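S.K.: Sequence and computational prediction follow.
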Amino acid sequence: ETGVTQSPTHLIKTRGQQVTLRCSSQSGHNTVSWYQQALGQGPQFIFQYYREEENGRGNFPPRFSGLQFPNYSSELNVNALELDDSALYLCASSRTSGVQETQYFGPGTRLLVL
Amino acid sequence: QQPVQSPQAVILREGEDAVINCSSSKALYSVHWYRQKHGEAPVFLMILLKGGEQKGHEKISASFNEKKQQSSLYLTASQLSYSGTYFCGTAGGAQKLVFGQGTRLTINP
């Protein structure tokens, strides 16, 4: 148990819809990173939030957006869903934003887009 | 730039040793190793920072050669519980963590 929680665990949406995924970070952590993991692949970095500000973004289009709240929990929003968005979405929290910091993953949200 | 892991898959008998390699084309500051079991989240194993240090954790250890931009994960006297997919994540400078494609390890009794 890492203390990182995510909701919902599973979600089914149709193409064109919008989805919001949620992540609660481990106590004492101020940084949340979001990853997309397609079947059989490694996690792909979407973006990171540090103290409520976006702090780095991977190669994902603007329809992927996020928020971090004062309690350091975070949301990932995806607009105009496409079939290829079907994946496991992982969030990871860390004590702070440096690349030397260990990231602890939550259990993930499995999204299926039909 | 995604790090390259080798081998892609390995099958062992319980008690045998394994080495998983992770190579990057970019200068690295840190290498992070995770294990993921089917249907579960990646679990942190260890982190290695620039400086070429080797770390150990029971029968699992790792090395980091920053000049060669490579890291290796060593699993000694493997146990059934070691089965899963191993990912290395690399980071350099301002670059956030980039994960390799994974190495699937199967341990048979």
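M.R.: Now that the structure is in, tell me what you want to look at.
S.K.: for the chain, which spans come out with low pLDDT?
M.R.: No chain in the question, so chain A it is. Chain A contains no residues with pLDDT under 70.
S.K.: Switch to chain B, please.
M.R.: Ranges of chain B meeting pLDDT under 70: B:52-57, B:93-95.
S.K.: measure the residue nearest to B:T106 when sequence neighbours are not counted to B:T103 for me?
M.R.: What sits nearest to B:T106 in space, not counting adjacent residues and going by C-beta to C-beta, 6 or more residues apart in numbering or on different chains, is B:I11, at 4.6 Å. In short, each C-beta sits where N, CA and C put it, glycine included. Distance from B:I11 to B:T103, counting by C-beta to C-beta, to the nearest Å: 12 Å.
S.K.: out of the two, which sits in the busier spot?
M.R.: B:T103 (23 against 12; other C-beta atoms under 10 Å in any protein chain shown).
S.K.: For beta bridges, what are the partners of that one?
M.R.: Beta-bridge partners of B:T103, counted by DSSP bridges, are B:Y86.
S.K.: OK, contacts around it?
M.R.: By C-beta atoms under 8 Å, 6 or more residues apart in numbering or on different chains, the contact set of B:T103 is B:Q5, B:S6, B:P7, B:Q8, B:A9, B:V10, B:I20, B:T85, B:Y86, B:F87.
S.K.: go again using 7 Å as the cut-off
M.R.: B:Q5, B:P7, B:Q8, B:A9, B:V10, B:I20, B:T85, B:Y86 (C-beta atoms under 7 Å, 6 or more residues apart in numbering or on different chains).
S.K.: Identify the residue nearest the residue nearest to the spatial centre of chain A in space, chain neighbours excluded?
M.R.: Centrality entry for chain A: nearest residue to the mean C-alpha point is A:W34, 3.0 Å, by C-alpha atoms, centre = their mean. Among residues not flanking A:W34 along the chain, A:I46 sits closest, at 4.3 Å (C-beta to C-beta, 6+ apart).
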